[in-house]
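Participant: Okay, sequence plus prediction incoming.
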Amino acid sequence: MRALLLASTLLALPAYAETVTVEPQTVTEWKPVYGRVEAKETVPARARIGGTVIELTVSEGDLVEAGQEIARVHDDKISFQIAALDAQIAALQAQLDTAEAELKRGEALLERGVTTAQRLDQLRTSVDVTRGQISATEAQRAVVEQQAAEGQVLAPAAGRILTVPVTKGAVILPGEPIATVGGGGFFLRLAVPERHAGTLTEGAELRVTTDAGEARGRIAKLYPQIEGGRVIADVDMEGLDTAYVGLRLLVTLPVGSRAALLVPAGAVETRSGIDFVALEGGAERAVVVGEHIQSAEGDLIEILTGLEAGDKVVAP
């Protein structure tokens, strides 16, 4: 019987216990805020000429490369201008042929002494003027052709199409945006209350809650201008889901520190809704616990009341 009692007593005792001296420790205070997934560069793809959208090859969410054609704008007046300039060039070419023929006859007549050198100079001048008019008209035609080529709307940067405010067949003006491209990578943008501005530093690590679990990020940039009582900050993080630009994610960032009494989580025992901590010597003390804290030492619990600095706690 005595052996059985001894065995049951040994089984009831913890296999291993240690004594921890409670001392104030520095605990980082975290503040939860929401961040929005934003593109680092939001660039509109604008039409360079006015006209009708005859082609539109992208929609919201598509990925594009820099310089890729995403739309085409056509202006009927440009075709009419090119036709008119072609007619002018043809008429000037006919005038040039006539002027060159008269110049050849004038040179022949001058050799026989029938005409004067002054008349021959006039004929040469007429040929040169007509050639100059043809060159000027051809240059004007090249300008109009360039305007027609500018009907191509190209993606200004590589990235994702965020908005497409026009449709095929719409009439637009020069400079009107066809689409908005988000490129240059993505980040989280935070709006933190200004009372925490002094605690924020570039490079500080923070925690981001995603569908896949908790991830780590860092503050990449702090903007000096406060808008609406809030400090704007950009956060870089690996594995950021960019399927939805504007998606809100919960971000927990450090905003300060305080001293707290921490004990191992196993040192707290709950009985009848009351938390107890075993002290060295066998005594127990009722305590009020705070938040759980993960640290390099393991899972710790903050003790709000019930313990003082220097108390020795038994932790199994």
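Facilitator: Arrived safely.
Participant: hey, let's count contacts and neighbours off CA atoms from now on
Facilitator: Noted.
Participant: Could you find the closest non-adjacent residue to R124?
Facilitator: Once flanking residues are discounted, R124 sits nearest to L103: 6.4 Å by C-alpha to C-alpha, 6 or more residues apart in numbering.
Participant: hang on, that neighbour in a helix?
Facilitator: Yes: counting by DSSP: H, G, I helix; E, B strand; the rest coil, L103 falls inside a helix.
Participant: helix/strand/coil for the most centrally placed residue in the chain?
Facilitator: For the chain, A39 is the residue whose C-alpha lies nearest the centre (C-alpha atoms, centre = their mean; 1.4 Å). Three-state call for A39 (three-state DSSP): strand.
Participant: pLDDT wise, what is it at?
Facilitator: The model reports A39 with a pLDDT of 86.
Participant: and what of L200?
Facilitator: Predicted confidence (pLDDT) for L200: 83.
Participant: wait, what's in contact with it?
Facilitator: Counting by C-alpha atoms under 8 Å, 6 or more residues apart in numbering, L200 touches P254, V255.
Participant: redo that, cut-off 7 Å
Facilitator: Applying C-alpha atoms under 7 Å, 6 or more residues apart in numbering to L200 gives the contacts V255.
Participant: how much space between it and L262?
Facilitator: L200 is 26 Å from L262, where distance means C-alpha to C-alpha, to the nearest Å.
Participant: Then H292?
Facilitator: Distance from H292 to L262, by C-alpha to C-alpha: 9 Å.
Participant: Need the residues touching each of these two.
Facilitator: L300, I301, E302.
Participant: Can you add neighbour count and give those back as CSV?
Facilitator: Formatted as CSV, the shared contacts of H292 and L262 follow (neighbours: other C-alpha atoms under 10 Å):
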residue, neighbour count
L300, 20
I301, 21
E302, 19
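Participant: Looking at those residues, spot the one nearest Q118.
Facilitator: L300 (109.8 Å; C-alpha to C-alpha).
Participant: give me the beta-bridge partners of the closest one?
Facilitator: P264, I293 (DSSP bridges).
Participant: Which residues are in contact with it?
Facilitator: Per C-alpha under 7 Å, 6+ apart, neighbours of L300: L262, V263, P264, A265, H292, I293, Q294.
Participant: Wasn't G246 part of a strand?
Facilitator: No: membership of G246 in a strand is not supported by three-state DSSP, which gives coil.
Participant: Got the confidence number for it?
Facilitator: 83.
Participant: neighbours of it, just the number please.
Facilitator: Look at G246: counted by other C-alpha atoms under 10 Å, it has 14 neighbours.
Participant: Same question for the one 4 residues further on.
Facilitator: When neighbours are defined as other C-alpha under 10 Å, L250 has 15 of them.
Participant: could you measure it against L103, distance?
Facilitator: In terms of C-alpha to C-alpha, L250 sits 86 Å off from L103.
Participant: Kindly report the same for W30.
Facilitator: 93 Å.
Participant: Do a quick rundown of the helices in this structure.
Facilitator: Counting by DSSP state H, the chain has these helices, from start to end: 2-12, 76-112, 117-149.
Participant: Dump those into JSON lines; add mean neighbour count, distance to G229 and mean pLDDT as well.
Facilitator: Output for these, formatted as JSON lines (neighbours: other C-alpha atoms under 10 Å; distance: least, C-alpha to C-alpha, whole Å; pLDDT from 0 to 100):
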{"stretch": "helix 2-12", "mean neighbour count": "9", "distance to G229": "58", "mean pLDDT": "39"}
{"stretch": "helix 76-112", "mean neighbour count": "15", "distance to G229": "52", "mean pLDDT": "89"}
{"stretch": "helix 117-149", "mean neighbour count": "16", "distance to G229": "47", "mean pLDDT": "89"}
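Participant: Tabulate the shared contacts of H292 and L262 in a markdown table, adding columns for pLDDT and distance to D128.
Facilitator: Output for these, formatted as a markdown table (pLDDT from 0 to 100; distance: C-alpha to C-alpha, whole Å):
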| residue | pLDDT | distance to D128 |
| --- | --- | --- |
| L300 | 86 | 96 |
| I301 | 86 | 97 |
| E302 | 85 | 97 |
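Participant: Flag every buried residue along stretch 33-40.
Facilitator: Across stretch 33-40, burial judged by 16 or more other C-alpha atoms under 10 Å covers V33, Y34, G35, R36, V37, E38, A39.
Participant: how long is stretch 277-284 end to end?
Facilitator: 6 Å.
Participant: picking that back up, including distance to K168, could the helices of the chain go into JSON lines?
Facilitator: Below are the helices of the chain laid out as JSON lines (distance: least, C-alpha to C-alpha, whole Å):
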{"stretch": "helix 2-12", "distance to K168": "79"}
{"stretch": "helix 76-112", "distance to K168": "16"}
{"stretch": "helix 117-149", "distance to K168": "18"}
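Participant: Out of those helices, which is closest to V181?
Facilitator: helix 117-149 (21.6 Å).
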